[in-house]
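A.B. asks: what follows is a predicted structure for the sequence shown.
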Amino acid sequence: MINNGNDHLSAKATKRTIVIATKNRGKLLEFQHALAGLDVAVVSLLDYPAIADIEEDGDTFIANARKKAETAANLLGVPVLADDSGLCVTALGGAPGIYSARYAGEPANDAANNEKLLQQLLLQPSVEHTVVREQYKLLSKAQFVCVLSLYDPAERRFIEAEGTVDGYILDQPLGTFGFGYDPLFWLPSLDKSVAELTPTEKQSISHRGHALEKLLPQLEKFI
Ligand SMILES: O=P(O)(O)OP(=O)(O)OP(=O)(O)OC[C@H]1O[C@@H](n2cnc3c(O)ncnc32)[C@H](O)[C@@H]1O
Ligand SMILES: [Mg+2]
C-alpha cells in the first residue's frame, strides 16, 4: 500500500473500490457511469497525487495499458485497471493512434488536438467528402481503439480486453457531450457524432464500452 501520508486516500484502495490508472476525467466519468450498478467506488490517479506521471513510452496500446496498470498496482498494492486508447484515422495512415492524447503537443489539450486533426486531414489529397446533415462533410474513415488491462500484484498477472468502434471524421465539431475527439467522430449507424450521445448511449456503442463489456466477467472478482 502506498504511504502518501493521507490515510483517507490509502483507505480508498480497499475492498469495493476499483482504481483506474488514469488522470483523464472524461475516461473516469465513463468508468464511473459504466460501473455504477456494481456499488463500487471508482477512483483514479487524480486521487493519488503522490504517484508521479507514468511515461507512456510503449509502441502499442497494450504496452502502454500494461505499464500504467502494473506501475500503479505495484505502488498501491491493489489490482489496478488501466485504459490506453486513441483514434486511428485511415487517411492519416492510422495517426494519431497511440499519440492521440498529445497530438498537438504538451500539455494535452482536446481543442488543440481536434484542430490539428482537421488541419492534417485537409492537407491530404485523398480526403473523402460525403456530406451529412447538409453542412457537415466526412473527411476520412476512422476507428477508436481502447485496450483495458488490469494488473493483479498478488498473482502477478494481467487480464485484458480490447474494443473498437468504426466511424468517420467530420470536417467540423458537432455535439457537446464526451471528451477528446468525440465532436469530430461520426457514427454512420446512428447518424450522430459521438459527442451527441448521452453517456449511456456512448457506453453501448463505444470502444471503451465494448472493451469493458468483454472484461467485466473477469473484472468482477477484483472488485
Ligand atoms: O493516460 P491517461 O491518464 O488514462 O489519459 P490520456 O488522456 O493520456 O489517455 P491515453 O493515453 O489513453 O490517450 C487517449 C487519448 O485518445 C483520445 N480518446 C480516447 N478515447 C476517447 C473517447 O472515448 N472519445 C474521444 N477521444 C478519445 C483522447 O484524445 C485521449 O486523450
Ligand atoms: Mg495517457
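C.D. replies: Here it is on my side, so go on. Ligands and ions are numbered 1, 2, ... in the order given.
A.B. asks: contacts, neighbours, all on C-alpha from now
C.D. replies: Will do.
A.B. asks: now for residue 172, how many residues are close by?
C.D. replies: 16 (other CA atoms under 10 Å).
A.B. asks: now for it: which residues touch it?
C.D. replies: 118, 136, 137, 183, 184 (CA atoms under 8 Å, 6 or more residues apart in numbering).
A.B. asks: who wins on neighbours among the residues you listed?
C.D. replies: Neighbour counts for the contacts of residue 172, by other CA under 10 Å, peak at residue 184, which reaches 25 neighbours.
A.B. asks: state the pLDDT value of it.
C.D. replies: In this model, residue 184 is scored at 98, pLDDT.
A.B. asks: and what of residue 214?
C.D. replies: pLDDT at residue 214 comes out at 98.
A.B. asks: for the residue nearest the centre of the chain, which three-state class applies?
C.D. replies: The residue lying closest to the centre of the chain (CA atoms, centre = their mean) is residue 85, at 4.5 Å. Using DSSP: H, G, I helix; E, B strand; the rest coil, the structure places residue 85 in strand.
A.B. asks: and if you look at residue 159?
C.D. replies: strand.
A.B. asks: pull the longest helix from this protein.
C.D. replies: helix 61-76 (DSSP state H).
A.B. asks: so which elements touch it?
C.D. replies: strand 80-89, strand 136-152 (3 or more CA pairs under 8 Å, 6 or more residues apart in numbering; DSSP states H and E).
A.B. asks: wait, the residue nearest to the centre of the chain sits on residue 149?
C.D. replies: No - the pair residue 85 / residue 149 is not scored as a contact, 11.2 Å apart, by CA atoms under 8 Å.
A.B. asks: buried ones in stretch 69-83?
C.D. replies: Buried residues in stretch 69-83, defined by neighbour count with 16 or more other CA atoms under 10 Å: 69-74, 76, 78-83.
A.B. asks: show me where the protein has helices.
C.D. replies: Remark: helices assigned in the chain by DSSP H are 7-10, 25-34, 61-76, 110-122, 199-205, 207-219.
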